[in-house]
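Visitor: Coordinates for the following, if possible.
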Amino acid sequence: MNIQLTISMLVSDRIETLGKCLASLKPLLRELDSELIVVFTGKNEETLELVRQYTSHIIPFTWCDDFAKARNAGLKEGRGEWFLYIDDDEWFEDTTEIIQFFKSGEYRQYQSAFYVARNYLDFQGKRYSDGGVGRMCRLTPETEFVFPIHENLVPLGEPCKHLSTFVHHYGYARKECFDEKDTRTSRNLPLLLEMYEKDPDSPRCCMQIAQEYRSVSEFGPAVEYCRRGLGLARKEKQIYNYELWLQVHLPLLIFYTGDLRLALEEGERILKHPRTLESAALHLSVTLVAVCRGLKEYKKGLKYVNLYHEKFCYLLEHKEKAVLQSAAGITFDMAAKEMIPVYMDGLFFR
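Guide: Predicted coordinates for the structure are as follows:
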């Protein structure tokens, strides 16, 4: 049988979400010539019993603090024309668009595809951010995962299809009351700091460390690594999505420390930099409006309300740029959600 799509997933013992994940894959497995490969890192026999209801292709994997190695164990056994991966703590809302992508033959025109990860910040699903994730590609001998933490699937060739299909992801959810620091950060941060010691010139690693510190509200070190990462990113010829993240978050993280004046100065410096993209300017204007409100610099605040409007209209007209200029939590849709607060501030500033 010619397999169109290999679906691979890491499974630990998160039985509370695994059922939803597997059920969401049913339409893909039913409608497409596809296979499901599970890389099992858990120990619970109940978990395996549930997995066996969907696939017999199960790869036992002893966890070694390396997500890329674990995912590559599944990838190397894939037989599909295309490859898609997902985790056991997330599930698709609707896979109709992916099914149509393959059934129509449209997939033959592309080398890779993004779908959307809806990352929830609480277990009630009230707060979340959407971000495009490159988790689908044509399977070639060169396809692999890189980076032990926050791993990437490479190469993601062009042309690339951007799908509106999304997964619900509760992996970053925070409990209402904190008795201890987030277990993901306590796991990831030491590994990332070790990676940084080996490769101190990696802006991507700096971004990831800043993200981990931010997630537990340690904004001082988050600012330090964000600033360091942005300096390193600017030395590169190409502008990658991690530079976009660093551009937007440096003044925001400074704002969180309470130093509004420095946040304003840093934000204005970044806006003037020739590498700052339209999407970054849009998100930066949201932060600077809030900063100016706090500093009671209303005339300057109105300037950034106008900048928000200018960049919003530009990206609304140039939708391809709006899609391409995105990073984790930095999308056109996320900035659009700030429209009413920004415009309300504009009325106040007048």
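Visitor: Does the helix ranked longest in the chain pack against any helices or strands, and if so which?
Guide: The helix spanning the most residues in the chain, taking DSSP state H as the definition, is helix 298-317. Applying 3 or more C-beta pairs under 8 Å, 6 or more residues apart in numbering; DSSP states H and E, we find helix 298-317 packed against helix 278-295, helix 319-324, helix 332-336, helix 339-349. (Each C-beta comes from the backbone N, C-alpha and C, glycine too.)
Visitor: Can you list the buried residues in it?
Guide: Along helix 298-317, these residues count as buried under the neighbour rule (16 or more other C-beta atoms under 10 Å): 301, 302, 303, 304, 305, 307, 308, 309, 311, 312, 315.
Visitor: For the chain, which segments are assigned as strands?
Guide: In the chain, strands defined by DSSP state E lie at 5-11, 34-40, 58-60, 82-87, 90-92, 112-120, 128-138, 144-146, 152-154, 160-169, listed in chain order.
Visitor: Can I get those strands in CSV including mean neighbour count, distance to residue 323 and mean pLDDT?
Guide: Output for those, formatted as CSV (neighbours: other C-beta atoms under 10 Å; distance: least, C-beta to C-beta, whole Å; pLDDT from 0 to 100):
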stretch, mean neighbour count, distance to residue 323, mean pLDDT
strand 5-11, 24, 23, 96
strand 34-40, 22, 26, 97
strand 58-60, 15, 34, 96
strand 82-87, 23, 19, 96
strand 90-92, 21, 20, 95
strand 112-120, 21, 8, 89
strand 128-138, 20, 7, 87
strand 144-146, 16, 24, 93
strand 152-154, 18, 18, 90
strand 160-169, 18, 5, 91
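Visitor: quick one, domains of the chain?
Guide: In the assignment given by automatic domain parsing, the structural domains of the chain cover 5-169, 183-349.
Visitor: And for residue 227, the neighbour number?
Guide: One way to gauge burial is a neighbour count; for residue 227, by other C-beta atoms under 10 Å, it gives 17.
Visitor: hang on, I meant residue 284
Guide: 27.
Visitor: Pull the contacting residues for it.
Guide: 247, 248, 251, 267, 270, 271, 276 (C-beta atoms under 8 Å, 6 or more residues apart in numbering).
Visitor: What pLDDT is listed against residue 262?
Guide: Here, the pLDDT recorded for residue 262 equals 97.
Visitor: Quick check: chain neighbours aside, which residue is closest to it?
Guide: residue 254 (5.2 Å; C-beta to C-beta, 6 or more residues apart in numbering).
Visitor: Do a quick rundown of the helices in the stretch 151-300 of the chain.
Guide: Using DSSP state H, counting those that start in this stretch, the helices assigned to the stretch 151-300 of the chain run over residues 183-198, 203-215, 219-233, 241-257, 260-272, 278-295, 298-317.
Visitor: Any idea which of those helices has the lowest pLDDT on average?
Guide: Lowest mean pLDDT within those: helix 183-198, a mean of 84.
Visitor: got the contacts of residue 284 as a markdown table, with distance to residue 297 columns?
Guide: Formatted as a markdown table, the entries for these read as follows, by distance: C-beta to C-beta, whole Å:
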| residue | distance to residue 297 |
| --- | --- |
| 247 | 22 |
| 248 | 21 |
| 251 | 15 |
| 267 | 12 |
| 270 | 18 |
| 271 | 15 |
| 276 | 21 |
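Visitor: Relative to residue 189, which of those is nearest.
Guide: Ranking the contacts of residue 284 by separation from residue 189, with C-beta to C-beta as the measure, puts residue 248 on top at 21.5 Å.
Visitor: so residue 32 touches residue 100, yeah?
Guide: No: the pair residue 32 and residue 100 does not pass the contact test of C-beta atoms under 8 Å, sitting 10.3 Å apart.
Visitor: Neighbour count: those two, which is higher?
Guide: residue 32 (20 against 13).
Visitor: Show the contacting residues for the more buried one.
Guide: Contacts of residue 32 by C-beta under 8 Å, 6+ apart are 4, 5, 99, 102, 103.
Visitor: buried sites along stretch 147-158?
Guide: 147, 148, 149, 150, 151, 152, 153, 156.
Visitor: likewise stretch 72-85?
Guide: Neighbour-count burial for stretch 72-85, with 16+ other C-beta under 10 Å as criterion, is recorded at 72, 73, 74, 75, 78, 80, 81, 82, 83, 84, 85.
Visitor: repeat for stretch 206-220
Guide: Within stretch 206-220, the residues scored as buried using 16+ other C-beta under 10 Å are 206, 207, 208, 209, 210, 211, 212, 213, 214, 215, 216, 219.
Visitor: closest to residue 126 among the residues you listed?
Guide: For the buried residues of stretch 206-220, the nearest to residue 126 is residue 215 (17.8 Å; C-beta to C-beta).
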